[in-house]
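>>> Below is the sequence, then the predicted model.
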Amino acid sequence: MPPAGFLAAVASLDRADLHSEAIARQTPAPSRIAPWAAARSIELGEPATGRLVYLHDPAGQPAWSGNDRLVAFTRVEIDQDMAADPLLSDVVWDWLSEALAGHGAHAIALGGTVTTTVSRRYGSLAHVGASHEVELRCSWTPTVADPEPDAGPDLGAHLAALVATMAAMRGLPPEVPGVTALGNR
């Protein structure tokens with residue numbers, strides 16, 4: 001039987017307040033990394049996908065600096081100009097850091113990579129042309145200031161922060177409660 005804190009943390013993923021275009025679905029989690037794991041796939045329109053995996057080890061793991069770890073992957077199609085920007089990796093990492101802070105998703109041991117790729121097609125696929133993507137791969141340990149027994153970390157804010165980062169990578173404006181974005185003319 002999974003620990004109560006793990007079940008509470010997983011339930012918090014389903015209560016996350018996500019970007020209006022985002023869809024998060026339960027998906028199989030890796031089974032060999034930790035005794036308990038849960039995962040969500042994320043779609044933010046066709047050009048943006050991601051995955052958040054929650055790992056829980058009641059005994060803790062030194063590399064995690066705790067009992068819990070979140071592992072995230074996002075891939076977003078971008079335009080050629082954005083892909084050519086030499087600061088793109090730094091900006092994406094800043095978006096993640098700011099989104100975590102802005103959503104109150106406290107974290108330690110944050111680390112990861114940002115990669116920009118160009119895929120060129122040849123032969124019978126040459127008519128499709130090149131595509132450009134930016135990928136974010138990262139992990140962090142969620143923290144709670146005053147944890148209640150069996151409560152587990154509230155992971156909804158962490159999932160919302162990851163989705164907000166994906167939205168920024170995709171070029172979507174931030175959603176602010178009570179503010180309606182004006183459409184293009």
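Thanks, I have the structure now.
>>> Stretch 110-126: end-to-end distance?
End-to-end distance for stretch 110-126: 40 Å, by Cα to Cα, to the nearest Å.
>>> list the buried ones in that stretch?
Gly112, Val114, Thr116 (16 or more other Cβ atoms under 10 Å). (Glycine included, C-beta is placed from N, CA and C.)
>>> Show me which of those is closest to His158.
Gly112 (13.7 Å; Cβ to Cβ).
>>> re earlier: rebuild the buried residues of stretch 110-126 as CSV, extending it with distance to Ala151 and secondary structure.
What follows is the buried residues of stretch 110-126, written out as CSV (distance: Cβ to Cβ, whole Å; DSSP: H, G, I helix; E, B strand; the rest coil):
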residue, distance to Ala151, secondary structure
Gly112, 27, strand
Val114, 33, strand
Thr116, 39, strand
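>>> which SS state does the residue nearest the centre of the chain fall under?
With distances taken as Cα atoms, centre = their mean, Leu162 lies nearest the centre of the chain, 3.2 Å away. Three-state call for Leu162 (DSSP: H, G, I helix; E, B strand; the rest coil): helix.
>>> Surely it touches Arg40?
No - look at Leu162 against Arg40 with Cβ atoms under 8 Å: they stay out of range, at 9.3 Å.
>>> Now for those two: what residues contact both?
Leu52 (Cβ atoms under 8 Å, 6 or more residues apart in numbering).
>>> pull the CA atoms of the helix or strand hosting Gly50 into CSV?
Take DSSP states H and E as the rule and Gly50 turns out to sit in strand 48-61. As requested, the backbone C-alpha atoms of strand 48-61 are provided in CSV (Å, rounded to 0.1, in the frame of the first residue of the first chain):
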residue,chain,number,x,y,z
ALA,A,48,4.3,21.6,-26.9
THR,A,49,4.5,18.4,-24.9
GLY,A,50,5.9,17.4,-21.6
ARG,A,51,6.0,15.0,-18.8
LEU,A,52,6.3,15.3,-15.0
VAL,A,53,7.4,12.3,-13.0
TYR,A,54,7.0,12.3,-9.2
LEU,A,55,9.3,9.9,-7.4
HIS,A,56,9.0,9.0,-3.7
ASP,A,57,11.4,7.0,-1.6
PRO,A,58,10.4,6.8,2.2
ALA,A,59,14.1,6.1,3.0
GLY,A,60,15.2,9.1,1.0
GLN,A,61,18.0,9.4,-1.5
